[in-house]
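Visitor: would you be able to build a 3D model of this:
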Amino acid sequence: MTADELKKQVAEAALRYVEPRLERDTVLGIGTGSTVNHFIAALGDLRDNIDAAVSSSEESSRRLKELGISVIDLNTAGSVDFYVDGADEANRHLQLIKGGGGALTREKIIAAVAKEFICIADESKLVPVLGKFPLPVEVIPMARSHVARKISSMGGVPVWRDGFVTDNGNHILDIHKLDLLDPRTMEAQLDQVAGVVCNGLFVRRAADRLLLAGAQGVRTLLPGA
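Guide: Reported below is the predicted structural model:
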């Protein structure tokens, strides 16, 4: 089974989980990335059961609108019933690294608001310890060099994602070789660096449900399982 087939498989599994729980006033939170794109595509037949969606990126918003699904501002939504998004890495505590697509700040905001955060990925994303995937950090452009120096002093190797600008108008530093044995502490430390908008560690707000696609089908991981 190809990587794209696995993404489609897990996206369809997420839809089967969400569909019976949809009500007339349901607001869906939609993430960003190739796996989520399969989930968005599968939502087309359910557009009449979805009151509105809140999206973490301009690209996902465009795809939703093309299906006739209303996309609203989070301030208007107030609350989000389900948030479905992918991950670059996940551990068995359902803690994540996200931001490979550059939408980490909006993703973290929607995850914080959502009543249930459903993460969808293939089994290759499950790791014993986070950190092999470079950790994305969104920074204010004028602070990029300052933040890079601070992170270097913490043991990381920052690489500017040259030519990339987030939907918020900011830059991304991808941090290699950062020690993430204690990701909760590292998430907090990075947040304290002046000029950091957001980092891609989803630890304080981890996923509530992790769906993983593999050769044997889709399995579900829950906190503490």
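Visitor: show the backbone phi and psi for the closest residue to residue 105 other than its chain neighbours.
Guide: Closest residue in space to residue 105, ignoring its immediate chain neighbours: residue 198 at 4.0 Å, by Cβ to Cβ, 6 or more residues apart in numbering. All C-beta spots, glycine's among them, are computed from the backbone N, C-alpha and C. Torsion angles at residue 198 (phi, psi; degrees, to the nearest 10) stand at phi -170, psi 150.
Visitor: can I get the longest strand along the chain in PDB, CA atoms only?
Guide: As assigned by DSSP state E, the longest strand anywhere in the chain is strand 114-122. Output in PDB follows, covering the C-alpha atoms of strand 114-122 (Å, rounded to 0.1, in the frame of the first residue of the first chain):
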ATOM      1  CA  ALA A 114     -11.600  22.000  20.200                       C
ATOM      2  CA  LYS A 115     -13.600  19.700  22.400                       C
ATOM      3  CA  GLU A 116     -11.900  16.700  20.700                       C
ATOM      4  CA  PHE A 117      -8.700  16.600  18.800                       C
ATOM      5  CA  ILE A 118      -8.400  13.700  16.300                       C
ATOM      6  CA  CYS A 119      -5.000  13.200  14.800                       C
ATOM      7  CA  ILE A 120      -4.700  11.100  11.600                       C
ATOM      8  CA  ALA A 121      -1.400   9.700  10.300                       C
ATOM      9  CA  ASP A 122       0.300   6.600   9.000                       C
END
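Visitor: chain center to the helix or strand just after it: distance?
Guide: Remark: after strand 114-122, the chain's next helix or strand is strand 135-139, criterion DSSP states H and E. Using Cα atoms, centre = their mean, to the nearest Å, the mean C-alpha position of strand 135-139 is found 13 Å from that of the whole chain.
Visitor: buried stuff in the following helix or strand past strand 135-139?
Guide: Using DSSP H and E, the helix or strand that follows strand 135-139 in sequence is helix 144-153. Buried residues in helix 144-153, defined by neighbour count with 16 or more other Cβ atoms under 10 Å: 144, 147-148, 150-151.
Visitor: now the helices for the protein?
Guide: With DSSP state H as the criterion, the chain has helices at 3-18, 34-42, 58-66, 74-77, 104-113, 144-153, 183-191.
Visitor: minimum distance to residue 166: which of those has it?
Guide: helix 104-113 (7.0 Å; Cβ to Cβ).
Visitor: what about the closest one, distance to the chain center?
Guide: 8 Å.
Visitor: hang on, the earlier thing: list of residues touching the longest strand of the chain?
Guide: 3, 6-7, 10-11, 13-14, 17-18, 29, 35-36, 39, 79-87, 90, 94, 96, 111, 205-214 (Cβ atoms under 8 Å, 6 or more residues apart in numbering).
Visitor: ok, now stretch 123-136?
Guide: 6, 87-92, 95-100, 102, 104, 156, 159, 161, 172-176, 178-181, 183, 199-201, 210, 212-214, 221.
Visitor: contact partners for residue 24?
Guide: By Cβ under 8 Å, 6+ apart, the neighbours of residue 24 are 49, 51.
Visitor: in stretch 183-202, which residues are buried?
Guide: For stretch 183-202, the neighbour count (16+ other Cβ under 10 Å) marks 183, 186-187, 190, 193, 195-202 as buried.
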